[in-house]
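Asker: I would like to see how this sequence folds:
(2 chains)
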Amino acid sequence: MPGSRSHLPATGDADALLRLVAACRAPAHLASLRAAHARLLLLLHPSHPSAAPARVKLIQAYAACSALPAAHAVLNSLCSPDRGAAATICFNVLIRALTAASLHRDALRLFASMRPRGSACFPDHYTYPLVLKSCAASKDLQLGLQIHSAVAKLGLDANRYVAHSAISMYARCGCPEDAHRVFDGMQNRDVVSWNAMISGFARVGLFERAVDVFKEFVALPYSIPDAGTIASILPAMGNAKAEDIVLVRKAFNEMQLKELISWNAMLAIYANNGYHVKAVGLFLKMEKDGVEPDSMTVATVLPPCGELSTFSAGKRIHEIIKKKGMLPNLLLENALTDMYASCGSLKDARNVFDSMSARDVISWTSIISAYGKHGHGREAVDLFEKMLGLGLEPDSIAFVAVLAACSHAGLLDVGKRYFDSMTCRYHITPKAEHYTCMVDLLGRAGCIGEAYDFIMTMPIEPNERVWGALLQACRIHSNMDVGLVAADSLFRLVPEQTGYYVLLSNMYARAGRWADVTSVRNAMANKGIKKLPGASIVELGDQVHTFHIGDRCHPQSEMIYQKLDELLGRIRGMGYNPEVDATLHDVEEEDKERHLSVHSEKLAIAFLLINTSPGTPIRVAMNLRTCGDCHLAAKLISTITSREIILKDSNRIHHIVQGGCSCGDYW
DNA sequence: ATAGGGTTAG
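Answerer: Below you'll find the model as predicted:
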């Protein structure tokens, strides 16, 4: 009978249409979605059992196609107040679509509109987690409290999903203790309960408590941390204890299913704590295990590549980024610019920067600091001016970059002007980094007195880097009087920081203050654990090699020392005399020289000379400032071997070609 | 047919 066909719809057709609807996930599919929607209206009578699920699918599809008004329209077509449960689901789905699009205010508005609609449409245990999350995202504690008390009245607070979103809401609204109360009151906790609590403490800065909860969790007999656990603890691991990082790594290792986010979080923990070798190593392991990186992975691992100057790894990551079609992506392009600059390839950094379709202050800061680190202060200043010309507002870090560029290139007046404009014109309160740049700039330009006065008039307490910059300047300009003041301040301020040890003890030794020399030594012996050992790092193939002073543990040790002997012998004939002054006073003259000759930079250079073919540039990354002796030796070695040597130290990059360094020996 | 925790650049 022809007339009855429309009342007995062919469910097969409807199913096919619903599959089509579900496949519409992008704005480009909107036309077919509308067509399918129209057909469905003809096919499915509102009372048909498939009509409710169809509505849900339509709302989801319209939301996925960024057609939120259409999704709303589907919801509004639900007018009869008697289909309570089905209506609630539709509301839930649309609220979910809104939260997914970060439209939290809209989600909360829609939630508020549920009640007057009709007695049968109640928010349920699916709705509350969504709206509590929106409260958290919009930091609406008032509404969050209201909703949580409504939840309690309904007895829904026993639901884990609800409890977890309540924990998160309280923490993100600045009430971590209330979050903890909810967590404490939970009868049955699962891994997400713990994650919610860890993250709750971590994201409000209660790092120790976050770590304590993490430890308590992993110590439970049958706990199984997941990717969310690693990601939750991440913000609390900014300045983490080594043993805590080991604990996190252990949890990571024991995870049977390593989701991408856990790799990314583990990488970030290494990267944020200066474990650059481990970060790059973990990335290499990802590649080996066939884990496909995403843009977060590469954004996280590029800075460690820069730190280590692992140019090949960095270039390979750039290839991955291009191959996966991740560009254009401002974040990644900024990270790439910085990585290349940090690896000593100003050309590649500039290429990335030039190829960008949009640039923000971070992009400009990256390229300015790139030129600055290479000693090209003029270019850095020109780029800074160009940025200003484009109407971009420099921030605190942009000023650090340009001030550092001025100090690296000795642009005294320009630097002073920028410092003044930062405070007067841009109303940026200078921080310790800015003061350090200025002291460095003044001091190394020879204005020691002015640098000292500058410190004295600083509105904030000068830290060890500020005094350290002054001490450096005093060493360069042999200013004993101010140097001793700086040394005293440093020793008082950070007796445990042995990075300044050599500078300090030299200053005291030159002044004949042997008792103070002894104090420095003792302080170091007592608290010597904090000593940052000088290390030089090089990349060979996909391996990272680390060298320490006098290191003999490398398998090629024998050859390296032979090569070094040969090199030092040859450059000695060219006027190289070990600068004994840079080392400790009470070591025998001959020992001093031997000490200098086995500095990690020299070992690293010899190692690469042995293992790379002629003409290959030598890249070495060092975690301290390189000493004058190594700098001179590197220049001469570059001449006799005809190799480019790119030596990055903790402060800047030395690009050495045929005996000349880009720093112009001003460093 | 729907819900919780969680990552990236100077």
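
Asker: give the contact list for A:Cys661.
Answerer: A:631, A:634-635, A:654-655 (CB atoms under 8 Å, 6 or more residues apart in numbering). To be clear about C-beta, it is placed using only N, CA and C from the backbone, and glycine gets the same treatment.

Asker: among those residues, which are in strands?
Answerer: A:654-655 (DSSP state E).

Asker: Include pLDDT and neighbour count when you put the contacts of A:Cys661 into CSV, please.
Answerer: Formatted as CSV, the contacts of A:Cys661 follow (pLDDT from 0 to 100; neighbours: other CB atoms under 10 Å):
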residue, pLDDT, neighbour count
A:His631, 92, 20
A:Ala634, 96, 25
A:Lys635, 96, 22
A:His654, 94, 27
A:His655, 94, 23
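
Asker: May I ask which two of the contacts of A:Cys661 are separated the most?
Answerer: Pairwise distances across these peak at 12.1 Å for A:His631 and A:His655 (criterion: CB to CB).

Asker: per-residue confidence for A:Gln543?
Answerer: What the model reports as pLDDT for A:Gln543 is 89.

Asker: re the thing from before, can the contacts of A:Cys661 go into a markdown table with extra columns for distance to A:Trp263?
Answerer: Shown next, in a markdown table, are the contacts of A:Cys661 (distance: CB to CB, whole Å):
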| residue | distance to A:Trp263 |
| --- | --- |
| A:His631 | 39 |
| A:Ala634 | 37 |
| A:Lys635 | 41 |
| A:His654 | 34 |
| A:His655 | 34 |
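
Asker: so which of the contacts of A:Cys661 comes closest to A:Ala38?
Answerer: Distances from A:Ala38 to these, taken by CB to CB, are shortest for A:His655, at 66.4 Å.

Asker: so how far is the strand or helix carrying A:Lys57 from its chain's centroid?
Answerer: Using DSSP states H and E, A:Lys57 falls within helix A:51-64. Distance of helix A:51-64 from its chain centroid, counting by CA atoms, centre = their mean, to the nearest Å, is 39 Å.

Asker: Could I get the average pLDDT for it?
Answerer: Average pLDDT, helix A:51-64: 93.

Asker: From the contact counts, what lies against the helix or strand just after that helix?
Answerer: Proceeding N to C from helix A:51-64, the next assigned helix or strand is helix A:68-76, under DSSP H and E. Helix A:68-76 is packed against helix A:51-64, helix A:84-100, with contacts defined by 3 or more CB pairs under 8 Å, 6 or more residues apart in numbering; DSSP states H and E.

Asker: ok, and for the first one, which residues are buried?
Answerer: Read it as helix A:51-64. For helix A:51-64, burial by neighbour count (16 or more other CB atoms under 10 Å) applies to A:51-52, A:54-64.

Asker: can you list those residues in CSV and add distance to DNA strand B?
Answerer: Converted to CSV, the buried residues of helix A:51-64 look like this (distance: CB to the nearest atom of the strand, whole Å):
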residue, distance to DNA strand B
A:Ala51, 9
A:Ala52, 4
A:Ala54, 9
A:Arg55, 7
A:Val56, 4
A:Lys57, 7
A:Leu58, 11
A:Ile59, 9
A:Gln60, 7
A:Ala61, 12
A:Tyr62, 14
A:Ala63, 10
A:Ala64, 12
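
Asker: which residues does the closest residue to A:Ser223 other than its chain neighbours contact?
Answerer: Residue nearest to A:Ser223 in three dimensions, not counting chain neighbours: A:Phe217, with 5.3 Å by CB to CB, 6 or more residues apart in numbering. Residues in contact with A:Phe217, defined by CB under 8 Å, 6+ apart, are A:194, A:198, A:223, A:225, A:229.

Asker: Looking at those residues, spot the one nearest DNA strand B.
Answerer: A:Thr229 (5.5 Å; CB to the nearest atom of the strand).

Asker: tally of neighbours for that closest one?
Answerer: By the criterion of other CB atoms under 10 Å, A:Thr229 has 26 neighbours.

Asker: got it, and A:Ile428?
Answerer: Here the number of neighbours of A:Ile428 (other CB under 10 Å) works out to 18.

Asker: The one 4 residues further on now?
Answerer: A:Ala432 has 15 neighbouring residues, counting by other CB under 10 Å.

Asker: Pretty sure it sits against A:Glu464.
Answerer: No: in this structure, A:Ala432 is not within contact of A:Glu464 by CB atoms under 8 Å, at 9.5 Å.

Asker: and the residue of the stretch 451-600 of chain A nearest DNA strand B?
Answerer: Nearest to DNA strand B in the stretch 451-600 of chain A, going by CB to the nearest atom of the strand, is A:Arg465, at a distance of 16.7 Å.

Asker: part of a helix, is that residue?
Answerer: Yes: under DSSP: H, G, I helix; E, B strand; the rest coil, A:Arg465 sits within a helix.

Asker: show me what contacts the closest residue to it other than its chain neighbours?
Answerer: Distances taken as CB to CB, 6+ apart put A:Thr436 closest to A:Arg465, at 4.7 Å, once the chain neighbours are dropped. With contact set as CB under 8 Å, 6+ apart, A:Thr436 has these partners: A:463, A:465-466, A:468-469.

Asker: Same check on A:Leu110?
Answerer: By CB under 8 Å, 6+ apart, the contact list for A:Leu110 reads A:91, A:94-95, A:98.

Asker: If we use 10 Å, what do you get?
Answerer: Each residue near A:Leu110 by CB atoms under 10 Å, 6 or more residues apart in numbering is listed here: A:72, A:75, A:91, A:94-95, A:97-98, A:103, A:127, A:130-131, A:134.

Asker: hmm, back to that, distance check, the residue nearest to A:Arg465 against A:Met169.
Answerer: Distance, A:Thr436 to A:Met169, by CB to CB, to the nearest Å: 41 Å.

Asker: what bits of chain A have low per-residue confidence?
Answerer: Within chain A, the stretches with pLDDT under 70 are A:1-12, A:79-83, A:116-120, A:497-499, A:501-502, A:523-532, A:579-594.

Asker: Mark out where each domain of it begins and ends.
Answerer: A:1-50+A:59-70, A:78-169+A:177-182, A:437-530, A:535-661 (automatic domain parsing).

Asker: Give me the distance between the two termini of the second one.
Answerer: In terms of CA to CA, to the nearest Å, the two terminal residues of domain A:78-169+A:177-182 are separated by 36 Å.

Asker: Please compute how far it lies from its chain's middle.
Answerer: Taking CA atoms, centre = their mean, one finds domain A:78-169+A:177-182 lying 34 Å from the centre of the chain it belongs to.

Asker: close to DNA strand B, is it?
Answerer: Yes: Domain A:78-169+A:177-182 lies within reach of DNA strand B by CB under 7 Å from any atom of the strand, at A:85-86, A:88-90, A:92-93, A:96, A:99, A:124-126, A:129-130, A:133, A:136, A:159-162, A:164-165, A:168.

Asker: Look up the closest residue to the closest residue to DNA strand B within chain A, ignoring the ones flanking it.
Answerer: Of all residues in chain A, A:Gly228 sits closest to DNA strand B, at 2.2 Å by CB to the nearest atom of the strand. In space, A:Gly228 comes closest to A:Asn195 once its chain neighbours are excluded; the distance is 4.4 Å by CB to CB, 6+ apart.
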